[in-house]
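Peer 1: Below: sequence and its predicted model.
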Amino acid sequence: MTYYGGKELAAAFRTVRKNTIQIAEDTPEDKYGFKPSPESRSVAQTLAHIATATTFPTMLHGERIPLEKIDFSEYMKMVGAQEASLQTKTQIVAKLRESGDKFAKMLESLPEPFFSEVITFPGGDPSSRTRFDLLLAAKEHEMHHRAQLMIMQRMLGIVPHLTREAEARMARYQQAQQAQATR
């Protein structure tokens, strides 16, 4: 028995995706073309990448397509086309919501023993990872890119929502301490 299974992973992923969607909503559409450097992804490209990033883990774990049956060249073309099709803020936010919901529902549906199965990578790759580790990696991948988006927001003069929330909590805490000190 584990204490962190599909339902817990789905809940954690939903929190991560909710925060990504908040960044997408807080960033004005006229700033979606911003790139921190010429070779970087723009805000829109990063959000589109996140919106399509659950495609591979859904294929591998939800549809149970074996790694050796996935044509990675074709897969990369397909995902690239999906990302490129997301042109507006409305399209990107909608895809973030749809793909996030689909992925979280898939996570919830997976039976506990499934998570301990080991996936061995083809081509002589010496690493083997459990399905749990690979599914957790999907959440970590999104958090990595969300951190990039938060830096881009700072560069654009936007205070990220998680910072605003932390500042509000700290202000409430300080007010409560001051009120208690004056009693």
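Peer 2: Cool, got the structure.
Peer 1: helices and strands around the longest helix belonging to the chain, which ones?
Peer 2: As assigned by DSSP state H, the longest helix anywhere in the chain is helix 131-155. Packing partners of helix 131-155 (3 or more CB pairs under 8 Å, 6 or more residues apart in numbering; DSSP states H and E): helix 6-26, helix 43-52, helix 55-57, strand 118-120. Placement of C-beta: from N, CA and C, glycine included.
Peer 1: ranking those by burial, who's on top?
Peer 2: Ranked by mean neighbour count, the helices and strands packed on helix 131-155 are led by helix 43-52 with a mean of 24 (mean count of other CB atoms under 10 Å).
Peer 1: what about that one, average pLDDT?
Peer 2: Per-region confidence: helix 43-52 scores 98 on mean pLDDT.
Peer 1: For it, output the C-alpha coordinates as CSV.
Peer 2: Taking Å, rounded to 0.1, in the frame of the first residue of the first chain, the C-alpha atoms of helix 43-52 are listed here in CSV:
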residue,chain,number,x,y,z
VAL,A,43,5.3,33.2,-23.2
ALA,A,44,2.8,31.8,-25.8
GLN,A,45,5.2,29.1,-27.0
THR,A,46,6.0,28.0,-23.4
LEU,A,47,2.3,27.9,-22.5
ALA,A,48,1.5,25.9,-25.7
HIS,A,49,4.3,23.5,-24.9
ILE,A,50,2.9,23.0,-21.4
ALA,A,51,-0.6,22.5,-22.8
THR,A,52,0.6,19.7,-25.1
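Peer 1: ok, residues contacting that helix?
Peer 2: Contact partners of helix 43-52, identified using CB atoms under 8 Å, 6 or more residues apart in numbering, comprise 20, 23-24, 27, 31-34, 41, 79, 82-84, 86-87, 89, 92, 95-96, 99, 142, 145-146, 148-149, 152.
Peer 1: Tell me what angle it forms with helix 6-26.
Peer 2: Calculated by axes from the mean of the first three to the mean of the last three CA atoms, to 10 degrees, helix 43-52 forms an angle of 160 degrees with helix 6-26.
Peer 1: what's the angle from helix 43-52 to helix 131-155?
Peer 2: Going by the same axes, to 10 degrees, helix 43-52 makes 160 degrees with helix 131-155.
Peer 1: Of the contacts of helix 43-52, just the buried ones, PyMOL syntax please.
Peer 2: In PyMOL syntax, the buried subset of the contacts of helix 43-52 is picked out as below (16 or more other CB atoms under 10 Å):
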select buried, resi 20+23+24+27+31+32+34+41+79+82+83+86+89+92+95+96+99+142+145+146+148+149+152
